[in-house]
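K.L.:
Sequence and predicted model, in that order:
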Amino acid sequence: MLDKIKEENILFIDIETVAQKPSYDLLDDHTKELWGKKMTWQSEKENKTPEELYQKAGIWAEFGKIVCISAGFIVTEYNERHFRVKSFCGNNEKMLLTAFSSMLSKHFNKDKYMLCAHNGKEFDFPYICRRLLINGLPIPKILDCSGKKPWETNYLDTMELWRFGDYKNFTSLELLASIFNIPSPKEDMNGSMVSSVFWDDNNIDRISEYCINDVVTICQLFLRYKGCPLIPETNVDIIEPFMANDTEDDNGVQRN
């Protein structure tokens, strides 16, 4: 199957998410109640209160929001492959999603294009669609899977491809990059740190860089799956990001 897919027709993406509020205390009473109901099973399993579990709220689209989407694609110039990648990031999620959706509709809306992410079918793709609807935005054609059978969607998932029909465990992007000898740029953070880097440090540039590194790795992993040579680091072209920032967010936190 993979040998029939043209690398130039794939948009590789990754998202970073955080809780909608910097702390549990800032939630209104009704949302606290709903969060508690959502966390009933998790609270019993981990023996933690819903307040203690709120640091994980970014995982759920109903209680979290997207602060960065990075997207990249392969182009060939002078017989050399390049990977161009751009981030859409900031504290204004609706603005971020509007810009990202506009790019999809203008450049990746034909049936020949596909989206690729790591664990994208379970996380990235549905999360983006849910947050689009919550923000009152339409779902671009390439993301819209309503009424489609699983094999009819425009989705590729590097984790699912590695399963070969096995559904019993999760294989991290970091592990797959290691076993396939994919060089990874030095990173000073991991996924568990995104929330504190956003809410405490107000460092969206650091989150964008982390997200871009993941997108590059996803692309290189896909090329390994196809038995193709990796794209040299010198041929990774990082485009100036789209910054979607309010001067002040809805929690009264001043933003740069």
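P.N.:
Perfect, I can see it now.

K.L.:
these two touch, right, residue 105 and residue 143?
P.N.:
No. Taking contacts as CB atoms under 8 Å, residue 105 lies outside contact range of residue 143: 10.0 Å. From N, CA and C alone the C-beta is placed, and that goes for glycine too.

K.L.:
could you dump stretch 103-110 to PDB, C-alpha only?
P.N.:
C-alpha atoms of stretch 103-110 as PDB (Å, rounded to 0.1, in the frame of the first residue of the first chain):
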ATOM      1  CA  MET A 103      -4.300  26.500   4.600                       C
ATOM      2  CA  LEU A 104      -5.900  23.000   4.300                       C
ATOM      3  CA  SER A 105      -8.800  24.300   2.200                       C
ATOM      4  CA  LYS A 106      -6.500  26.300  -0.100                       C
ATOM      5  CA  HIS A 107      -3.700  23.800  -0.600                       C
ATOM      6  CA  PHE A 108      -4.700  20.300   0.600                       C
ATOM      7  CA  ASN A 109      -8.400  20.000  -0.200                       C
ATOM      8  CA  LYS A 110      -8.200  17.600  -3.200                       C
END
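
K.L.:
And for that stretch, what's in contact with it?
P.N.:
11, 71, 88, 115, 140-143 (CB atoms under 8 Å, 6 or more residues apart in numbering).

K.L.:
Report the buried residues of it.
P.N.:
103-104, 108 (16 or more other CB atoms under 10 Å).

K.L.:
what's the closest of those residues to residue 60?
P.N.:
Relative to residue 60, the closest of the buried residues of stretch 103-110 is residue 104; by CB to CB it sits at 23.4 Å.

K.L.:
distance of the closest one from residue 86?
P.N.:
12 Å (CB to CB, to the nearest Å).

K.L.:
Buried ones only from the contacts of stretch 103-110, please, as a PyMOL command.
P.N.:
Buried residues within the contacts of stretch 103-110, by 16+ other CB under 10 Å, are selected in PyMOL with:
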select buried, resi 11+71+88+115+140+142+143
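
K.L.:
of all the contacts of stretch 103-110, which two lie farthest apart?
P.N.:
So, the contacts of stretch 103-110 by CB to CB: farthest apart are 88 and 141, at 18.3 Å.

K.L.:
dump the residue contacts of residue 97.
P.N.:
66, 69, 88, 128, 131-132, 135, 137.

K.L.:
possible to save the buried residues of stretch 103-110 as a markdown table with secondary structure?
P.N.:
Output for the buried residues of stretch 103-110, formatted as a markdown table (DSSP: H, G, I helix; E, B strand; the rest coil):
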| residue | secondary structure |
| --- | --- |
| 103 | helix |
| 104 | helix |
| 108 | coil |
